[in-house]
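Colleague: Dropping a prediction and its sequence here:
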Amino acid sequence: MIAIDLSGKVALVTGATGQLGRAMVRTLAQAGADIVIHYHENAGKAESLVAELNQLERKVLAVQADVTERDSVNEMQRHVESSVGSPDIVVANAVIQYDWKEVLQQSPSDYESQFRSCVLQSVLLTQAFVPGMMTRKWGRVIGVNTECSMQCARGQSAYVSGKRGMDGVFRVLAREVGEYDITVNQVAPGWTISEDRCESDSTHAYRENVPLKRRGTDREIAHVVAFLASDLAGFISGAYIPVCGGNVMPGI
């Protein structure tokens, strides 16, 4: 029987109290991993997730950090390693929210925020947690990208620039750490249904452009993250994998 088994692994998910993050930590815990729930401001939701995942008899830790600041990430790293051990799986999921506008109206500060939460987060998490993976000669780094990186639609410029920068960091990293049996991949969700974002008639136009004629769910995104975290995906690295029903399709 083929199954995803993450028993004995420690998984850190940034932005774990958010829409996709909640599904990811639940799915990784169900697959057997001990969990580190990173949050920035939502301590109440983090503690609620801790209580929920404790029912699965996993080690669960909630930790606050600003993933765009080196000192905060390094303090998180020390706290995590002293509490539950060095993470084997790191999912870079946190992102700063902002109002999307066209390039001529978008504030430069929004481009900076996306650089910090996409590119700089990726670098700081890598520098903090990948050395431990290299020592153990096993690891999984997973970035949460977006279908928008391929769409380049109006109003998306700050978001797309940040996520494309993330893509560059992780593709290079995949080449640099592969010899240590560390894989580096990205999941690119489409417009996803979650606890906070439900289906409605207003999304009809989006659905009609998706070959599968529907929106994906947060659990479907989390399933791909769990797959990439597992030994079943041990020979996949450097990939950008859209999980959007075919709405975007990377070329060859």
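Modeller: Good, I have the coordinates.
Colleague: Next secondary structure after the worst-scoring helix or strand of the chain on mean pLDDT?
Modeller: The helix or strand of the chain with the lowest confidence, counting by mean pLDDT, DSSP states H and E, is helix 204-209 at a mean of 92. Proceeding C-terminally, helix 204-209 gives way to helix 218-229 as the next helix or strand, assigned by DSSP states H and E.
Colleague: For that following helix, what is the distance to the chain centroid?
Modeller: Relative to its chain's centre, helix 218-229 lies at 10 Å (C-alpha atoms, centre = their mean, to the nearest Å).
Colleague: Show me what it is in contact with.
Modeller: 4, 6, 9, 11, 19-20, 22-24, 26-28, 31, 33, 89, 91, 140, 142, 144, 183, 185, 187, 189, 192-195, 233, 236, 241, 243 (C-beta atoms under 8 Å, 6 or more residues apart in numbering). No exception for glycine: its C-beta is placed from N, CA and C like everyone else's.
Colleague: any low-confidence regions in this structure?
Modeller: Residue ranges of the chain with pLDDT under 70: 196-202.
Colleague: In it, where's the longest helix?
Modeller: Looking across the chain with DSSP state H, the single longest helix is helix 157-177.
Colleague: quick one: buried residues of stretch 181-197?
Modeller: By 16 or more other C-beta atoms under 10 Å, the buried positions in stretch 181-197 come out as 182-194.
Colleague: Of the residues you listed, which is the nearest to residue 38?
Modeller: Among those, residue 187 lies closest to residue 38 (C-beta to C-beta), at 17.0 Å.
Colleague: Make a PyMOL selection of the buried ones in the contacts of helix 218-229.
Modeller: Command for PyMOL that selects the buried part of the contacts of helix 218-229, burial taken from 16+ other C-beta under 10 Å:
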select buried, resi 4+6+9+11+19+20+22+23+24+26+27+28+31+33+89+91+140+142+144+183+185+187+189+192+193+194+233+241+243
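Colleague: Tell me which residue of this structure is positioned farthest from its centroid.
Modeller: residue 104 (29.6 Å; C-alpha atoms, centre = their mean).
Colleague: That one: what secondary structure?
Modeller: Following DSSP: H, G, I helix; E, B strand; the rest coil, residue 104 is assigned to coil.
Colleague: quick one on the thing from earlier: can you spell out which helices and strands pack onto the longest helix of the chain?
Modeller: Other helices and strands packing on helix 157-177, by 3 or more C-beta pairs under 8 Å, 6 or more residues apart in numbering; DSSP states H and E, are helix 108-114, helix 121-136, strand 139-144, helix 148-151, strand 182-189.
Colleague: list the helices and strands the second one packs on?
Modeller: Taking 3+ C-beta pairs under 8 Å, 6+ apart as contact, the helices and strands that helix 121-136 lies on are helix 70-83, strand 89-92, strand 139-144, helix 157-177, strand 182-189.
Colleague: ok so, going back, among the helices and strands packed on helix 157-177, which comes closest to residue 169?
Modeller: Comparing the helices and strands packed on helix 157-177 under C-beta to C-beta, the one sitting nearest is helix 121-136, at 4.6 Å.
Colleague: Residue 126: what's its closest spatial neighbour, skipping adjacent residues?
Modeller: The shortest distance from residue 126 to any residue other than its chain neighbours is 6.0 Å, reached at residue 173 (C-beta to C-beta, 6 or more residues apart in numbering).
Colleague: The contacts of helix 218-229 in strands, which ones?
Modeller: Secondary structure from DSSP state E places 11, 89, 91, 140, 142, 144, 183, 185, 187, 189, 241, 243 of these in strands.
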